[in-house]
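Novice: here is my input, please return the structure:
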Amino acid sequence: MKIKPSLPILSSHHASLGETVRVLNERRRMLKMLGGVGALALVSRNALACTLIPEETAGPYPGDGSNGPNVLTQSGVVRSDIRSSFGASGTNTAAGTTATITLQLVSMTSGCEQLEGLAVYIWHCNATGGYSMYSSGVTNENYLRGVQITDANGQVTFTSIFPGCYSGRWPHIHFEIYSSLDDITSGADPIRTSQLALPEDACRLVYAQTSLYPNSTNNLNQISLETDNVFSDDGGVTQIATVTGDNTNGYAASLEVGVAVDASSTDLVFADGFD
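Specialist: Next up, the predicted model:
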């Protein structure tokens, strides 16, 4: 019988930021010894559970008012299907293979309890690597952007397309988390800003559809999780989504997102020891 290696875990859900960083660094070291990101297949899912999601850049195309346009103030942004533009931007639909994206938000400070009532804004590029509201040819679109509120299970699920791979970045999906819908009118004060990384095997299957994703395979060949300017610090260990599906029926991507929020507080205040 093979014994699955386990990664170090936090001693407590109330662990300090310093301990969290130390544990993540130790996990990174062990994964390198086990052969890199592929070793995740050998690791119990529970070993990575309830880990604070890394803080990441919102990038140059957030659409939250922090760098130009603000989709968060537009009527209709709260929606589950983000494939089409809405409001004054019309109803054009982004081309690409269908993908559902599920984020499961859990409390780092309340025993991994599910977090209900948080507002989540996600956005990502289209099949050719362009961002609505910013990129040439789609500045008048606002598709592939949307907001939802976590349900009783701490989940939000968006229907979208599988994003393309553009030059210089590993395929990814951006998201910001806010205390409530009232707090999500701009990108000024999110609880957490991070990114979801898509696994290579799924990306290669999707990008083989060159008519939909004409440059993605070539761009993917030039980048890795270890050289990506966002995921390179730890290989995206806690940010790689679980993806299932196929090109005919679409894909489903899911990721657990640990947040430093106290689930027992109606105000969802920050817990001590986290920023």
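
Novice: is Asp201 within a helix or a strand, and which one?
Specialist: Counting by DSSP states H and E, the element that carries Asp201 is helix 200-207.

Novice: next structured bit after that helix?
Specialist: Helix 200-207 is succeeded, C-terminally, by helix 216-221 (DSSP H and E).

Novice: which parts of the very next helix or strand once past that following helix are buried?
Specialist: Sequence order places strand 242-246 as the next helix or strand after helix 216-221, per DSSP H and E. Using 16 or more other C-beta atoms under 10 Å as the test for burial, strand 242-246 gives Val243, Gly245. Just so you know, the C-beta spots here come from the backbone N, C-alpha and C atoms, and that holds for glycine as well.

Novice: how far does strand 242-246 sit from the chain's center?
Specialist: Distance of strand 242-246 from the chain centroid (C-alpha atoms, centre = their mean, to the nearest Å) equals 15 Å.

Novice: could you point out the helix or strand that follows that strand?
Specialist: In N-to-C order, the element after strand 242-246 by DSSP H and E is strand 250-259.

Novice: so which elements touch that next one?
Specialist: Packing contacts for strand 250-259, counted by 3 or more C-beta pairs under 8 Å, 6 or more residues apart in numbering; DSSP states H and E, involve strand 98-107, strand 172-178, strand 192-197, helix 200-207, strand 242-246.

Novice: picking up where we left off before, contacts for the helix holding Asp201, please.
Specialist: Residues from elsewhere that reach helix 200-207 (C-beta atoms under 8 Å, 6 or more residues apart in numbering): 97, 162, 164-165, 171, 213, 216-217, 220, 243, 245-247, 251, 253.

Novice: sorry, back to before: can I get the helices and strands packed on strand 250-259 in a markdown table including distance to Met133 and mean pLDDT?
Specialist: Shown next, in a markdown table, are those (distance: least, C-beta to C-beta, whole Å; pLDDT from 0 to 100):
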| stretch | distance to Met133 | mean pLDDT |
| --- | --- | --- |
| strand 98-107 | 19 | 97 |
| strand 172-178 | 13 | 98 |
| strand 192-197 | 18 | 98 |
| helix 200-207 | 24 | 98 |
| strand 242-246 | 26 | 98 |
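
Novice: gap between Thr193 and Gln209?
Specialist: The spacing between Thr193 and Gln209, counted by C-beta to C-beta, to the nearest Å, is 31 Å.

Novice: which one's more surrounded, the two?
Specialist: More crowded of Thr193 and Gln209, by other C-beta atoms under 10 Å: Thr193, with 21 against 16.

Novice: ok, now which ones touch that one?
Specialist: Glu55, Glu56, Thr57, Ala58, His174, Phe175, Glu176, Ile177, Gly187.

Novice: got the CA coordinates for stretch 112-132 in PDB?
Specialist: Output of stretch 112-132 as PDB, limited to C-alpha atoms (Å, rounded to 0.1, in the frame of the first residue of the first chain):
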ATOM      1  CA  CYS A 112     -13.200  26.400   8.200                       C
ATOM      2  CA  GLU A 113     -16.800  27.400   8.400                       C
ATOM      3  CA  GLN A 114     -18.600  28.300   5.200                       C
ATOM      4  CA  LEU A 115     -19.000  32.000   4.700                       C
ATOM      5  CA  GLU A 116     -22.400  33.200   3.700                       C
ATOM      6  CA  GLY A 117     -23.300  36.700   2.500                       C
ATOM      7  CA  LEU A 118     -19.900  37.800   1.100                       C
ATOM      8  CA  ALA A 119     -19.900  39.500  -2.300                       C
ATOM      9  CA  VAL A 120     -17.500  38.100  -5.000                       C
ATOM     10  CA  TYR A 121     -16.600  39.900  -8.200                       C
ATOM     11  CA  ILE A 122     -14.800  37.900 -10.900                       C
ATOM     12  CA  TRP A 123     -13.400  38.800 -14.300                       C
ATOM     13  CA  HIS A 124     -11.200  37.300 -16.900                       C
ATOM     14  CA  CYS A 125     -10.000  37.600 -20.500                       C
ATOM     15  CA  ASN A 126     -11.900  36.300 -23.500                       C
ATOM     16  CA  ALA A 127     -10.800  33.400 -25.800                       C
ATOM     17  CA  THR A 128      -8.300  35.600 -27.700                       C
ATOM     18  CA  GLY A 129      -6.800  37.200 -24.500                       C
ATOM     19  CA  GLY A 130      -8.600  40.500 -24.500                       C
ATOM     20  CA  TYR A 131     -10.300  42.100 -21.500                       C
ATOM     21  CA  SER A 132     -13.700  43.800 -22.000                       C
END
